[in-house]
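Trainee: A predicted structure for the sequence below; I have some questions about it.
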Amino acid sequence: MGAQSAGPLVVGVDSSTQSTKTLVVDAETGAVLARGQAPHTVTGGTGKDGGEPGGKESDPEQWWRALGEALDRCGAAARQASAVSVAGQQHGLVTLDAAGAPVRPALLWNDVRAAPQSERLVRERGGAEVWAQRTGSVPRSAFTVAKWAWLCDNEPESAAATAAVRLPHDYLTQRLTGQGVTDRGDASGTGWWASATGAYDTEILEHVGLAPEKLPRVALPGEAAGTVRCAELPLPQGALVAPGTGDNMAAALGLGLRSGQPVLSLGTSGTVYAVSTHRPTDPTGIVAGFADARGDWLPLACTLNCTLAVDRVAALLGRDREAVEAGGSAVLLPFLDGERTPNLPHASGLLHGLRHDTTAGQLLQAAYDGAVFALLQALDRVLDADTADDAPLLLIGGGARGRAWRETVRRLSGRPVVVPEAQELVALGAAAQAAGLLLGEDPAAVARRWGTARGTAFEPVERDTAACDRLAATLADGAALLGHR
Ligand SMILES: Nc1ncnc2c1ncn2[C@@H]1O[C@H](COP(=O)(O)OP(=O)(O)O)[C@@H](O)[C@H]1O
Ligand SMILES: O=C(CO)[C@@H](O)[C@H](O)COP(=O)(O)O
């Protein structure tokens, strides 16, 4: 037991796009006793010119090293943990050789090079409706199945050398435990896990030439993945390891989320989601029909351009990210990396409505508006029909710390907003999963006991319909430009 702790200690890990974050948490009270963070590098792919348009890759070995560094920064507390859980960025394709080493860098969720393969797979296997009914989602380029198809088309030698396929979180779990184990939440973002049956879809796997034996076992909620069996990290040998999950599923656990509570997350990706007891099957592909890490569902819409895109616009304008100004009629669709919601994988940023009197601060505000509007447009589709119109939006992710982000969400949604005090909800959710496993409790109930969703409430303000109408019109009128490479 830790010096200042009431209960056993657990470690929660968030291995996300930009960094690894680790928390050491008192399983009884939820008190965070230590935290650590270490950055990741994302490169543009390994094309002939050193980078292909739309490529986003990271070396999985680097995630492992970052995990070690982040745990080191937690000091002695991490060495006292009784249980651990790893959450990670969803969808990434990790290919391992027979010795368990990465065949090549992982293709990340925001790599849009697999857009042609995703369109082809949808066509070849019955169309969008059939995919949505079977897997819960229409697989866009983000989905692992499309990335695997891209690899087979573009690097057949890498595909042939692949003895095991993993997702980022279960790659790390495997290095901790020696076991190939994933969970239903992260598996539901692959495109080869059938939400209709709760098992791998062997027909889809056969179609893309991937043997099911190359995939990890899908643990049931509440099951252990194994125990710590590696001496490289500052964690106790034999500590329990929970199966982990995707980062959005972990944040839902970390908030102790109940259905009817919408979440808007502002990180590298922007996401809107809610827990639902109904299995989602959206044939438009806007809503991904993910499973949550318990026994329910997590309908979710995701944008590629969120905090990084707005920070880039701020940097281009030479302004602090909070230096926004109201007014003007400029519209900026900040689709710097292509876009997933709406489905415009080849898009680039679009600026419309520039005038002599437009200020730099208004342009920056327009970038926030464009990023937030894309998420809010998808919100109604994510929510169950009986969700109250005035249900507060839980605002999380790195951007939730920013005033400009928060005020933009309030102004464009017209909803009340709650910003939880707890900052690392993904790592906290992983910690809650570890604590649930250790104590035999429902992890969401653990998080509720910890009071993780407590925060500052902001009253609704009148929705800025004029700005929303301008954005909707620019999206519609700019369709031809946004569809271009
Ligand atoms: N105080 C802040 N105000 C506004 N944005 C912030 C603040 N702190 C961090 N961010 C944003 O948060 C982002 C990282 O969010 P995070 O949720 O940690 O990302 P991820 O989990 O995808 O790696 C950064 O890109 C940065 O723009
Ligand atoms: O692709 C999705 C969800 O479908 C993303 O939300 C990734 O899971 C990356 O998350 P962050 O690094 O932005 O937290």
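Mentor: Done, it's in. Ligands and ions are numbered 1, 2, ... in the order given.

Trainee: over to residue 240: give its phi and psi.
Mentor: phi -70, psi 140 (degrees, to the nearest 10).

Trainee: Three-state assignment for the residue lying closest to it once chain neighbours are set aside, please.
Mentor: Nearest residue to residue 240, sequence neighbours excluded (C-beta to C-beta, 6 or more residues apart in numbering): residue 83, at 4.1 Å. C-betas here are computed from N, CA, C, even on glycine. Secondary structure, DSSP: H, G, I helix; E, B strand; the rest coil: residue 83 is strand.

Trainee: residue 83 contacts residue 241, doesn't it?
Mentor: Yes. In terms of C-beta atoms under 8 Å, residue 83 counts as a neighbour of residue 241; the distance is 7.3 Å.

Trainee: joint contacts of these two?
Mentor: The contact sets of residue 83 and residue 241 overlap at residue 434 (C-beta atoms under 8 Å, 6 or more residues apart in numbering).

Trainee: number of nearby residues for the nearest residue to residue 439 once chain neighbours are set aside?
Mentor: Among residues not flanking residue 439 along the chain, residue 27 sits closest, at 6.2 Å (C-beta to C-beta, 6+ apart). Here the number of neighbours of residue 27 (other C-beta atoms under 10 Å) works out to 27.

Trainee: got the residues of the stretch 251-400 of the chain near ligand 2?
Mentor: 267, 268, 269, 271, 288, 302 (C-beta under 6 Å from any ligand atom).

Trainee: out of these, who's nearest residue 455?
Mentor: Nearest to residue 455 out of those is residue 267 (C-beta to C-beta; 17.0 Å).

Trainee: who's in contact with that closest one?
Mentor: Contacts of residue 267 (C-beta under 8 Å, 6+ apart): 16, 17, 18, 306, 307, 397, 398, 399.

Trainee: of these, which belong to strands?
Mentor: Among the contacts of residue 267, no residue falls in strands (DSSP state E).

Trainee: tell me where the stretch 1-150 of the chain has helices.
Mentor: 60-72, 115-124, 128-135, 144-154 (DSSP state H, counting those that start in this stretch).

Trainee: of all the ones you listed, which one is nearest residue 247?
Mentor: Nearest to residue 247, of the helices of the stretch 1-150 of the chain and by C-beta to C-beta, is helix 60-72 at 12.6 Å.

Trainee: if we can go back for a sec, make a markdown table from the contacts of residue 267 and add neighbour count to it.
Mentor: As requested, the contacts of residue 267 are arranged in a markdown table below (neighbours: other C-beta atoms under 10 Å):
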| residue | neighbour count |
| --- | --- |
| 16 | 25 |
| 17 | 20 |
| 18 | 17 |
| 306 | 26 |
| 307 | 21 |
| 397 | 24 |
| 398 | 19 |
| 399 | 26 |
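
Trainee: now tabulate those residues in JSON lines and tack on distance to residue 210 and pLDDT.
Mentor: Listed next are the contacts of residue 267 as JSON lines, based on distance: C-beta to C-beta, whole Å; pLDDT from 0 to 100:
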{"residue": "16", "distance to residue 210": "26", "pLDDT": "95"}
{"residue": "17", "distance to residue 210": "24", "pLDDT": "95"}
{"residue": "18", "distance to residue 210": "29", "pLDDT": "95"}
{"residue": "306", "distance to residue 210": "31", "pLDDT": "98"}
{"residue": "307", "distance to residue 210": "33", "pLDDT": "98"}
{"residue": "397", "distance to residue 210": "32", "pLDDT": "97"}
{"residue": "398", "distance to residue 210": "34", "pLDDT": "96"}
{"residue": "399", "distance to residue 210": "36", "pLDDT": "98"}
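
Trainee: which secondary structure state does residue 272 sit in?
Mentor: strand.

Trainee: now do the contacts for it.
Mentor: Going by C-beta under 8 Å, 6+ apart, the list of residues near residue 272 reads 262, 263, 264, 265, 300, 301, 375, 376, 378, 379, 382.

Trainee: ok, the nearest residue to residue 198 once chain neighbours are set aside to residue 246 distance?
Mentor: Counting by C-beta to C-beta, 6+ apart, residue 184 is the residue found nearest to residue 198 once chain neighbours are left out, at 6.7 Å. Residue 184 sits 10 Å away from residue 246, going by C-beta to C-beta, to the nearest Å.

Trainee: what's the overlap in contacts for these two?
Mentor: By C-beta under 8 Å, 6+ apart, the residues touching both residue 184 and residue 246 are residue 293.

Trainee: picking that back up, for the contacts of residue 272, which one is nearest residue 419?
Mentor: Taking the contacts of residue 272 together and measuring to residue 419 by C-beta to C-beta, the closest member is residue 264, at 10.4 Å.

Trainee: what about that closest one, how many neighbours?
Mentor: 25.

Trainee: also residue 357?
Mentor: Number of residues near residue 357 (other C-beta under 10 Å) recorded here: 9.

Trainee: what about it, which SS state?
Mentor: Quick answer, by three-state DSSP: residue 357 is coil.

Trainee: now do residue 453
Mentor: coil.

Trainee: hang on, the earlier thing: OK, contacts around the residue nearest to residue 240?
Mentor: So residue 83 contacts 8, 10, 11, 27, 239, 240, 241, 242, 434, 435, 437, 438 (C-beta under 8 Å, 6+ apart).

Trainee: JSON lines for the residues you listed, including pLDDT and distance to ligand 2?
Mentor: Shown next, in JSON lines, are the contacts of residue 83 (pLDDT from 0 to 100; distance: C-beta to the nearest ligand atom, whole Å):
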{"residue": "8", "pLDDT": "97", "distance to ligand 2": "28"}
{"residue": "10", "pLDDT": "98", "distance to ligand 2": "21"}
{"residue": "11", "pLDDT": "98", "distance to ligand 2": "19"}
{"residue": "27", "pLDDT": "98", "distance to ligand 2": "24"}
{"residue": "239", "pLDDT": "98", "distance to ligand 2": "25"}
{"residue": "240", "pLDDT": "98", "distance to ligand 2": "25"}
{"residue": "241", "pLDDT": "98", "distance to ligand 2": "21"}
{"residue": "242", "pLDDT": "98", "distance to ligand 2": "18"}
{"residue": "434", "pLDDT": "98", "distance to ligand 2": "19"}
{"residue": "435", "pLDDT": "98", "distance to ligand 2": "22"}
{"residue": "437", "pLDDT": "98", "distance to ligand 2": "22"}
{"residue": "438", "pLDDT": "98", "distance to ligand 2": "25"}
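
Trainee: ok, residue 292 touching residue 298?
Mentor: Yes. Residue 292 is within contact range of residue 298, at 4.3 Å (criterion: C-beta under 8 Å).
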